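Chemist: how would this look folded up:
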Amino acid sequence: MSCELAELGDVEIIRVTTRFHSKLWRSMLEAHHYLGSGPLCGAQLRYLVRSEYYGWIGGLSYSACARRVESRDEWIGWTEEARKRNHTFVINNSRYLIAPTVRVKCLASHVLAKCQTRLVDDWERVYKYRPVLLETYVGTRTVFGKLLSGS
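Modeler: I've put the predicted structure just below:
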């Protein structure tokens with residue numbers, strides 16, 4: 001499917017909370033994401049992406065960050081004590097999928113923006129604290145899209 005972003009109708013970000021949505025999320029990620037659906041570690045939230053006119057078109061997940069990532073910890077400037085105290089406030093965009101049959105310019109950034117708008121509130125509702133930093137890691141040998149390949 002190839003169209004303009006506006007032709008998708010409303011693009012909805014749906015938090016996975018039901019068995020049906022969980023099975024759908026897992027099947028999409030298993031079929032189309034190079035890492036599959038998991039396992040995801042620690043605290044986590046999963047989302048589905050639905051187009052008003054085309055149905056289910058993607059999925060995302062966010063999970064607890066790795067406790068120790070040298071490049072991240074240096075970039076933030078954490079001491080060992082600060083890292084131990086604060087790493088839970090960093091969450092990782094652990095999976096991100098737009099179905100490979102979907103070719104829509106600007107859809108990837110549109111979906112990320114919509115999801116991030118609600119993610120912090122959802123995370124606080126479920127885990128009782130607000131994350132302050134979102135990270136992602138991209139395998140440049142396996143990711144071919146423009147949005148994340150430059151990360």
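
Chemist: contacts and neighbour counts: CA atoms only from here.
Modeler: Noted.

Chemist: Which element, helix or strand, includes residue 60?
Modeler: In this structure, residue 60 sits in strand 55-64 according to DSSP states H and E.

Chemist: how about low-confidence regions in the protein?
Modeler: In the predicted model, the chain carries pLDDT under 70 at residues 139-151.

Chemist: let's go with 90 and repeat that
Modeler: Across the chain, residues meeting the criterion (pLDDT under 90) sit at 34, 38-41, 66-69, 71, 117, 136-151.

Chemist: In it, what residue spans correspond to strands?
Modeler: Along the chain, the stretches classed as strands by DSSP state E are 2-3, 11-15, 44-51, 55-64, 90-98, 103-104, 133-135.

Chemist: how many degrees apart are the third one and strand 55-64 in direction?
Modeler: Angle of strand 44-51 versus strand 55-64, following axes from the mean of the first three to the mean of the last three Cα atoms, to 10 degrees, is 160 degrees.

Chemist: for strand 44-51, packing partners?
Modeler: In terms of contacts (3 or more Cα pairs under 8 Å, 6 or more residues apart in numbering; DSSP states H and E), strand 44-51 is packed against strand 11-15, helix 19-32, strand 55-64.

Chemist: And the last one, what's buried?
Modeler: Residues of strand 55-64 classed as buried under the neighbour-count rule (16 or more other Cα atoms under 10 Å) are 56-64.

Chemist: and if you look at the first one?
Modeler: Applying a neighbour-count criterion of 16+ other Cα under 10 Å, one finds 11-13, 15 buried in strand 11-15.

Chemist: Walk me through which strands the strand holding residue 60 pairs with, and which way each runs.
Modeler: strand 44-51 (antiparallel), strand 90-98 (antiparallel) (DSSP bridges).

Chemist: Beta-bridge partners for the residue lying closest to residue 46 once chain neighbours are set aside, please?
Modeler: Distance criterion Cα to Cα, 6 or more residues apart in numbering; nearest residue to residue 46, sequence neighbours excluded, is residue 61 at 4.2 Å. Note on residue 61: beta-bridge partners by DSSP bridges are residue 46, residue 95.

Chemist: All set, thanks.
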